[in-house]
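Trainee: have a look at this fold, sequence not included:
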């Protein structure tokens, strides 16, 4: 009887350990979801990079916002969502404070983007670069597993870090 109980408990222990090991490797992150976010950012950023300088900042703000929404507020992607949303909010605040009222909005990436004043473009460029660098660092600063998973997003946003120049 004791041998039977011991073997059952041991078997359950091994099953639990195997399940725990799998859970440690699979933290709810999906390569498909990451690839979708990378593709979303890259396709939108290509359009923004070719826009007139005064429209680029708001265009990128919307691309960052749209890419953050790809994750649908799933808790496994919290770090990526926060990093991308922080950039979007900082750029939004700058655009709102420096909107060029005389120029109209232009449609890009399915949205209407606002222009900033030409005088604020150098400051916008510095702000954009600082925010992109911080987001890229934040994306790869978690656990090794998260850093490896979020590295493609970090790489694609760094690809466009000089896009406002």
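Mentor: That came through, no problem. Not measured: the values here are computed from a predicted model. Numbering: from 1, shown residues only.

Trainee: alpha carbons only for contacts and neighbour counts from here, please
Mentor: Will do.

Trainee: what lies in contact with stretch 145-156?
Mentor: 25, 29, 31, 34-35, 37-38, 41-42, 80, 135-137, 139-141 (CA atoms under 8 Å, 6 or more residues apart in numbering).

Trainee: least confident of these?
Mentor: pLDDT across those is lowest for residue 25, at 44.

Trainee: which SS class is the nearest residue to residue 33 once chain neighbours are set aside?
Mentor: Take residue 33 and drop its neighbours on the chain: the residue closest to it by CA to CA, 6 or more residues apart in numbering is residue 71, 7.2 Å away. Using DSSP: H, G, I helix; E, B strand; the rest coil, the structure places residue 71 in coil.

Trainee: need the max-distance pair from the contacts of stretch 145-156.
Mentor: Across those, the longest distance by CA to CA is 27.7 Å; it joins 25 and 42.

Trainee: who's more crowded, the two?
Mentor: Counting neighbours by other CA atoms under 10 Å for residue 25 and for residue 42 shows that residue 42 has the greater number, 19 against 10.

Trainee: low-scoring stretches of the protein, by residue?
Mentor: Applying pLDDT under 70 to the chain flags residues 1-28.
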